[in-house]
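Colleague: Need a 3D model of the following:
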Amino acid sequence: MRYFIIILSSLIGLIAQASCQAASQTHEYNLSNGLKLLVKENHRAPLAISQIWYKVGSAYEPPGITGISHALEHMMFKGTPSISGEQFNEIITQNGGELNAETGTDDTHYYELLAADKLAISFKLEADRMQNLNLSAEDFAKEIQVVMEERRLRTDDNPQAFSYERLLATAHIAAPYHHAPIGWMSDLEQLTISDLKNWYHTWYAPNNAILVVAGDVEPAKVYQLAEQYFGKIPAKTVPTLKKQPEPPAMGERSVTVRRPAKLPYLMLAYNVPSLVTTEKPWQPYALIVLAAALDADQSSRLAKNLIRAKRLAVGAGAHYDPYQRFSTLFTLTAIPAAEHGLEELETALLSEIEALQTVPLSATELAKIKSLLKANYIYAQDNLATQANFLGKLASLDLPWQEADTYLQNIQAVTAEQVKEVAKEYLITARLTTAKLLPAKGQSHE
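Modeller: Residues are numbered from 1 along each chain as shown. I've put the predicted structure just below:
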């Protein structure tokens, strides 16, 4: 067994070396109109993914128009005066490609995956809708109904998602993550086509965008294509998003949600810094390791202790995303097993946190966590979209893309004492928001 582990470690090391060599094939260009271009060479297959990232998402939305970034994402597939929405999709699919989009808290991005020699098609289409989008009242009246139905299916009719939305609204006082990208239904109901036009003309500009290409391409030729299709689009005056730090933590907050549900659900969320807001650059990486100590695989603490050993939970997890423009959350979730309640489960979760605050991770556990994180990162690099997503996400947060190359190095540098330190500093009652989902009357705990 020990021999197998040594061999596996050696293989991961070799793959990591190859990954780092591939990572060095990232090239950055800046067009005169402010558009940033990132190109990552990967010649394993004759494919290329092209992504356009706009630095605007739900965190940019003031009250009254929440969900507008996501609604505009839907409208981006309605075409332009020269290419209809149907033609846009047909052009990509007829060339053997695929396309989609996603709206997040800090960005909205669109992508096309095509044969590498078809890259110009993607550039032409995206450059066209960056400046010439059709925004008709008739199309919007239909599409906003689609958006509202999406909210009903994914949030209103999903008890856990609905509860998480209420958790966000309770946990964030100043940081603009107090609503999800889908937006509040009351705001969706009153959005107008005029709102969308203003949002589009305000934020969709080359100087507020990042073009990311990963795949079997030559960077110099990609740059020439970018200049050809995007270079003549004029820059705009884009608003500056102000810092919105959370006020000092003053005590625990809680929210209880009663919805038709089969099982109760518990969430503990702690206000923590992101990679953008941290004053100590090592801390987000220590928080990543901390989350992995709790929930990286079936041997991690939550699964081992709460699910298998104590049989208090049928499911438990931990989540932390450091790639956020504002302060974010470190979240633990759990579903109690039959015969056990949320209070008992909460006590058990808090005990797991206390253990991490008092006893440093052993050298063996820390090494295992780092190996898991390394393996996950390396294997993810096999996917072109993952490679491009990492670069685009960093650039959309105004972080250097080189952060993608140093991720493993930063994880490897985390010490057991640092994990203990961030647990003691951030996973405390004063920073805690608790959310409980209780099945509504007539619903049983099965």
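Colleague: Compute the number of surrounding residues for residue 251.
Modeller: 8 (other CB atoms under 10 Å). C-betas here are computed from N, CA, C, even on glycine.
Colleague: Repeat that for the one 5 residues further on.
Modeller: For residue 256, the neighbour count with other CB under 10 Å is 12.
Colleague: Quick check: the gap between residue 397 and residue 241.
Modeller: Separation of residue 397 from residue 241 (CB to CB, to the nearest Å): 11 Å.
Colleague: and what of residue 319?
Modeller: Per CB to CB, residue 319 is found 25 Å from residue 241.
Colleague: cool, and residue 138?
Modeller: 32 Å.
Colleague: Looking at those two now, which is surrounded by more residues?
Modeller: Each of residue 138 and residue 241 has its neighbours counted (other CB under 10 Å); residue 241 has more, 14 against 9.
Colleague: My guess is that one contacts residue 61. True?
Modeller: No: using CB atoms under 8 Å, residue 241 is not in contact with residue 61, being 11.1 Å away.
Colleague: Show me which residues of stretch 334-347 are buried.
Modeller: Using 16 or more other CB atoms under 10 Å as the test for burial, stretch 334-347 gives 334-337, 340, 342, 345-346.
Colleague: Return the subset of those lying in strands.
Modeller: Counting by DSSP state E, those place 334-336 in strands.
Colleague: any idea which of the buried residues of stretch 334-347 is the one closest to residue 387?
Modeller: residue 334 (33.3 Å; CB to CB).
Colleague: For residue 213, see how far away the closest one is.
Modeller: Counting by CB to CB, the gap from residue 334 to residue 213 is 41 Å.
Colleague: where do the helices sit along the stretch 301-446 of the chain?
Modeller: In the stretch 301-446 of the chain, the helices defined using DSSP state H, counting those that start in this stretch lie at 301, 342-358, 363-380, 384-396, 407-412, 416-426.
Colleague: Just the CA atoms of the longest one, as CSV, please.
Modeller: Once non-C-alpha atoms are left out, helix 363-380 reads as follows in CSV (Å, rounded to 0.1, in the frame of the first residue of the first chain):
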residue,chain,number,x,y,z
ALA,A,363,1.1,16.1,9.2
THR,A,364,-0.6,13.0,7.7
GLU,A,365,-4.1,14.7,7.4
LEU,A,366,-2.6,17.9,6.0
ALA,A,367,-0.6,16.0,3.4
LYS,A,368,-3.6,14.0,2.3
ILE,A,369,-5.7,17.2,1.9
LYS,A,370,-3.0,18.8,-0.2
SER,A,371,-2.7,15.8,-2.4
LEU,A,372,-6.5,15.7,-2.9
LEU,A,373,-6.5,19.4,-3.8
LYS,A,374,-3.6,19.0,-6.1
ALA,A,375,-5.1,16.0,-7.9
ASN,A,376,-8.4,17.8,-8.3
TYR,A,377,-6.7,20.9,-9.8
ILE,A,378,-4.5,18.9,-12.1
TYR,A,379,-7.3,16.6,-13.5
ALA,A,380,-9.5,19.7,-14.0
